Each structure stands twice: as C-alpha cells, then as structure tokens.
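Peer 1: fold the following and give me the result.
(chains A, B and C)
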Amino acid sequence: MELNAVTIGFFVFTILTLGGGLGVVTTRNLFQGTIWLMVSLFGVAGYFVLLSAPFLAAVQVLVYIGAIAILITFAVMLTRSVTRINERYIRTIPSFVASLALFLVLLFGITVPIFGDYPSEMAPTVVMTTRDLGVALVEGNGYVAPFLLASVLLTAAMIGAIFIARDEDS
Amino acid sequence: MVPLWMYLAVAAALFCIGVFGVLSRRNAVAILMGVELMLNAVNINLVAFWRYSETATPLLLNGYAFTAFVLIIAAAEAAVGLAIIITVYRNRRSVIPEEADTLKG
Amino acid sequence: MDELCTGLCKFMVESGADAGLAQFASLLVGVLLVSGVPLLTVIILIWVERKVAARIQDRIGPNRVGPLGLMQTFADLLKLLGKEDITPTSADRVLYNAAPLVSFASVVLIWVVVPFTPFHFGVDLEIGALYFVAIASLGTLAIMTAGWASNNKYALLGAFRVVALLVSYEVPLVFALLAPVMLAGSMSMLDIVNAQTGMWFVVLSPLAFVIFYISSQAETGRAPFDLIEAESELVAGFNIEYSGMKFGMFFAAEFLHVFTNGILMALLFFGGWMGPLYYESPLIAFAWLGLKGTIIYLTTLWLRNTVPRLRIDQIMAFNWKFLVPLSIANLILLSAALKILQELGIAPRDMLSAGFVDVLPTTIIMLLINLVMVAYLLGILRRHGQEFRRASQANQRTLAQAASGAGD
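Peer 2: Modelled structure (predicted):
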C-alpha cells in the first residue's frame, strides 16, 4: 500500500472516526460525548469523499452535525440540569467483553475470505454525478417508491415528534 | 489504493464501539448516540461495497441510494426518539429506560 | 486557482525542486490565496461597517488613526492581542478554546467554493451549493459549544436562543437556495453563475431572493434578528466570557459572514461576475462580483442600523408561520411553472447555453407569477395587520375603562 493522498486521508479519517467513537462511549460528560459524536461522524463524511460520494458527505455533515447533533445537545440540556450531566456506567465489563467478541467475530469474517475474495481495487469507471442519483430517485424502475415512502416517513416523524414533545398545559 | 477489507474493518470497529455504548450506558440520550454510531458503520459498509463492486455504474447505485435512505431514517429516528426521551423525562424525571416501566404488568 | 497551482508547480520542478514538495508547496499557496482573500477583507469590513453605521447615526466614526481612520482596525487588533486572555476556571478548557476557531473556520471554509472569476476559484465542487449550507451549519455548533463551555448561565441562555434562531432560519434559507439550483439544473457554483448569462435569477425568482436575503440576515444574527447580542436582556449573549483575540474571532466571523452572504447572493441571484466586458479580463469580472457583493452588503448594513430588534417569539412566529410556508409555496410554484414551460417548449431545457432572447418569455411568465404571489401576500399581511390593530385597540379600550373604573 503506497503512501498517497487517499491512504493518508484514509488514516486521518480512521483516527477521527474511531477516536470520536471511543470518545462518545468513554467520556462521562454527555455534552462532550456529543462533540465526540460529531468528530466521529465528520470522519465518516470523509470516508464518503474518499469513496467518491461527495453528495452523501455534504448531506452527512448537514443532517448529522447541523441537525441531529444540535437536537441531541438540546435533549442533553433539557433532560438534565446543566451542571449535572455526568453519567454513570452499568455492566461495563460484560458489555466490553460482548462488543469485543462481536468485533473479533466480524474481523474474522472480514479478513478470512469465506465467501470468496474481495476486490482490492475500486471499480474503475464510476462517473456518478448527483444528477444520476436524482434521476434514480424519481425514475419508475429506480427508487421512486422508497423515495416517496421516505418523504411520508419524514413528515410523519416531524408531526409525531411535535405531538409527543408538546407540553400538554399550553 | 485502500483495499475493501480495511473499510469493512473500520466499519466493524465503529459498530462494536456503538454496541458497547448502547450496552454500557444508562442514559437514553447516550444510548441513542451509540445507535447513531452503529447506523454510520452500516453506511460506511454500504458505500464501500457499492464503490468496490464491479457493477458500480450510474444506473446501479444501490449502496448510494440505500445510504441516502439510512440518513433519512436516522433523522426521523433521532427526532422521534429525542421527543420521547423528553416526554418521559417530563413525566418521570428520569432518562433511564429501565425506570420507564409503568406499562409493566 | 488550479492553473496557478500547476504553473507554480511546473516552475518549481524546472528550477530543481522535488516534485512532491513542489506540488505540496503550490497547493499550499493556492490554499493561502483562497483563505487570504476573506481574511484581508475582514480588516476593511470592520472599518466600512463602523463608518457606515456612524453615517447612518449622524456621526463621523473612526477618524483619528490614519487617513479617514483607516488604521483603526489595526489599532483595535493590537489592543485585542494585548489583552489578557481569560479562561474561566470552571470552563471546559478545550471546547472553550476550540469554539472561536470553529466559528471563524465555518465562515472561511465557505470561500472554498466561491468562484471569483470564471477561471479563478478554490474548487468547483459538483455539490457547491449544498457544501456551503453544510459548512455554515458548523457555525451553529460553535455557538452552542461556546455557550456551554463558558459555564455561564447568560452565555448558555444566549446560545440556546441563537441556536433556535439559526436552526429555524436554515429551513427557508435552503428552500430559497433551491430556486437558483433548480433554474441552473446544477449545484456547482460555477454552473449557477454561468446559467445566468441569459437572465439573472433575481428576475426569474425575486421571491426566492427576498426569502434568501431575510434568512441570511437572520443567519448572521444581524438586526432585526440580533438576538445573538441582545445586550439589554442577555448582557452579551453566548460570547460573554470571551476576551482578547478569542472574542475578536467571533467578532470577525460575524463581520465576514455578512460580507460572504453578500457575495453568495451576488453569485446565486445577480449573475456573479456577469457584467459589461467581464470576458475581457479576469480583473473586470472580479470587480463586477466585488461591486455586486458590496452593494448587497451595504444594504444589509443599512437594514441593521435602521430596523429595531424583534422579540424571540415574533422572530419564531415570522419564520414558521410566514417564511417557511412562503418558501415552500414558492418552490412548488417555481418548479411546476418551470416544468410546464419546458414541456411547452417556451423555457430553455438547458439554462447554461441559453441566451437573453431564449429566456425572455420564461422571465415574463415567472415575473407575473411572482407578482401575483406578492399581491396575494400583501393582502394577507394587510388583513393580519388590521386584525392586530383592532385587537390592540379593543385591548386598550378595556384597559382605559378599567383604569377609569378604578379611579372612581
């Protein structure tokens, strides 16, 4: 594996993603955990750029950092008084063992080619533009049904969230 | 060029970090953050498989479109999940899922 | 910017430098150039802002340091640098110090996709318009972090209000942004500007421009949406604990954001560098873009210094009950009209290659649609205003009766 922009990018984003993820689960302060979550998700957006999906990267930053992370910070602050947002852990050792075991199993499955070899090179001729995605989302034999369903789901989620979180007194 | 298995390994590691977060936390918001990590691990996998598959053409963008849908689901899930957490907190002064047990027989 | 980098790289290799090093150095020069433009602009912007504000308020403004007070900003900079750099003892050290950086970076990073001339730009991202919305949302995060990390209740309250404001006004902003994207059929900033060869998008969709203008004014936290500061209620808002250069960075980020929005509006709605003789020289093209951006920027300053601040409930009600429905309706009408006109063969399928004559019929129809919408809106606003006045008069009458009753 030679050293070039892609591999350097891959390592930087790996550090961001996994480091951020570890930060999320190890920090006791929930607000800091949210910030770590954003670091991690930013790393994932970086992977999308490397995998030539820049549209997904921009949407990832917009949806996760611009919306979901802000929602989570609001939830953190609304459900705990600001000075007490430190959290306790439960079942630390069993959960650590369980997730480590899961990781080892997954790693075994990934590195040992049970289902045949993996391609080690990217597919060479991917000239995909955002326009192609747009066309695929509304085309009859593309993803028009899931796309419509997703829009209905989003509307339902929005109305549901407002309805659930509404203060009944007002 | 980075081989496919490295992307898969990173995604697996991220998924397991998310699992650990979900299992070891008591706060519902923290559990939700773990779930977000797991969803993102899946997204990495989807995009990586799509990018490395030989049929990755403009007409076949399964992984790409699936990831877009996962993002939509994640947004909906976060909105509804946090609304539920806030409501439970308002009623029971607690964000610990085990304590929201009024429906238990 | 690309050709400059490759040119420099070639020159360095020819004069005997290592190829990898040359590439790195020339890329670095490109990055410095793109980020240097906004950084230098800030220094002038602060002076312009103070002078304009002073003129509007019938004052002279800075006039002591240098000719016309031009050196005032440098004096202020020195003062800010010389100030004690305070970090509150109970603050979250890392986040407290990172917040101003993220805030400023979120604005500077927008300039990556700004095309200065047809040939000089940082990068021409295929998703340029989406990129700048995504990057701007980092600023919201910075404010939240600053408010929380300061460990001060006023800072946190200020941050909460600001974030609520920013998140709400992002919705009409993105909907309005979709109008030029749809008209150009591309999200690349370069394509959006080139698609305006025939007609500026502000003529094709004036309502989208007005929505974009209002919501970007809110995104920068300027009056009438200046809840960010709200000195009378929140002392100073989210940046109350910041001092010295860290405060200066928040300050510079806000000033630069306003000007960046002016440039973005010039690019998205006013044809960017389009103007007489722009193809003659990149300098003329750049001058046109700068001129348009500056004019829009000056109108925002004018607005800031003449309009009183709104309350938070008024701001939220205006956004969710007026601006969001309006932007959605505008988008639906625009897309439907565009599609119908394209099917009828009146509108050009590809704006990029359409001349003035090709776009003219579309323009007239679009303008008519927008006029009808504006007339309808004014009707709604008028009725609403009448109802509001009647209610407040009735309220005053009852108050007066109660007062006279109590007086007896």
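Peer 1: low-confidence ranges in chain C?
Peer 2: By pLDDT under 70, the weakly predicted segments of chain C are C:1-10, C:13, C:16-20, C:227-236, C:406-408.
Peer 1: please disregard the earlier target; I meant chain A.
Peer 2: Looking at chain A by pLDDT under 70, you get A:1-3, A:80-88, A:115-127, A:168-170.
Peer 1: could you check how far the residue nearest to the spatial centre of chain B is from B:G63?
Peer 2: Per CA atoms, centre = their mean, the C-alpha nearest to the average position across chain B is that of B:L39, at 2.5 Å. Distance, B:L39 to B:G63, by CB to CB, to the nearest Å: 15 Å. Where C-beta positions appear, they are placed from N, C-alpha and C, glycine not excepted.
Peer 1: returning to that earlier point: near the nearest residue to the residue nearest to the centre of chain B once chain neighbours are set aside, how many other residues are there?
Peer 2: Of all residues not flanking B:L39 in the chain, B:A74 sits nearest, at 5.1 Å (CB to CB, 6 or more residues apart in numbering or on different chains). Neighbour count of B:A74, defined by other CB atoms under 10 Å in any protein chain shown: 21.
Peer 1: C:E280: what secondary structure?
Peer 2: Three-state call for C:E280 (DSSP: H, G, I helix; E, B strand; the rest coil): coil.
Peer 1: what's the neighbour count on it?
Peer 2: Here the number of neighbours of C:E280 (other CB under 10 Å) works out to 9.
Peer 1: do the one 5 residues further on as well
Peer 2: Neighbour count for C:A285, taken as other CB under 10 Å: 24.
Peer 1: was I right about it contacting C:V193?
Peer 2: No. Counting by CB atoms under 8 Å, C:A285 does not reach C:V193; the two are 9.9 Å apart.
Peer 1: need the overlap of contacts for those two.
Peer 2: Residues touching both C:A285 and C:V193 by CB atoms under 8 Å, 6 or more residues apart in numbering or on different chains: C:P118, C:W273.
Peer 1: how many other residues sit next to the closest residue to chain A within chain C?
Peer 2: Residue of chain C nearest chain A, by CB to the nearest CB: C:S137 (3.0 Å). A count of nearby residues for C:S137, using other CB under 10 Å, gives 23.
Peer 1: can you give me the domain boundaries for chain A?
Peer 2: Annotated domains of chain A cover A:1-93, A:127-170 [automatic domain parsing].
Peer 1: looking at the ones you listed, which is buried most?
Peer 2: domain A:1-93 (a mean of 20; mean count of other CB atoms under 10 Å in any protein chain shown).
Peer 1: in which helix or strand does the residue nearest the centre of chain A reside?
Peer 2: For chain A, the residue nearest the mean C-alpha position is A:L41 (5.2 Å; CA atoms, centre = their mean). Per DSSP states H and E: A:L41 is located in helix A:30-50.
Peer 1: the very next helix or strand once past that helix near chain B at all?
Peer 2: Where DSSP H and E defines the elements, the next helix or strand beyond helix A:30-50 is helix A:54-60. Yes. Among the residues of helix A:54-60, A:L56, A:V59, A:Q60 lie within reach of chain B under CB under 8 Å from any CB of the partner chain.
Peer 1: how about helix A:54-60, does it reach chain C?
Peer 2: Yes. Using CB under 8 Å from any CB, helix A:54-60 reaches chain C at A:P54, A:F55, A:A58, A:V59.
Peer 1: same for that helix, what does it pack against?
Peer 2: In terms of contacts (3 or more CB pairs under 8 Å, 6 or more residues apart in numbering or on different chains; DSSP states H and E), helix A:54-60 is packed against helix A:30-50, helix B:28-52, helix B:62-92, helix C:128-149.
Peer 1: got the angle between the third one and helix B:28-52?
Peer 2: When you say that, I think you mean helix B:62-92. Here helix B:62-92 runs at an angle of 180 degrees relative to helix B:28-52 (axes from the mean of the first three to the mean of the last three CA atoms, to 10 degrees).
Peer 1: so which bits of helix B:62-92 are buried?
Peer 2: For helix B:62-92, burial by neighbour count (16 or more other CB atoms under 10 Å in any protein chain shown) applies to B:63-72, B:74-89.
Peer 1: burial of C:L283, as a residue count?
Peer 2: A count of neighbours around C:L283, defined by other CB under 10 Å, yields 10.
Peer 1: swap that for C:W302, sorry
Peer 2: 13.
Peer 1: quick check: what element follows the host helix or strand of it along the chain?
Peer 2: Secondary structure from DSSP H and E places C:W302 in helix C:282-306. Downstream of helix C:282-306, the first helix or strand assigned by DSSP H and E is helix C:312-318.
Peer 1: assess the claim that B:P97 and B:A30 are in contact.
Peer 2: No. Assessed by CB under 8 Å, B:P97 is found out of contact with B:A30, at 10.7 Å.
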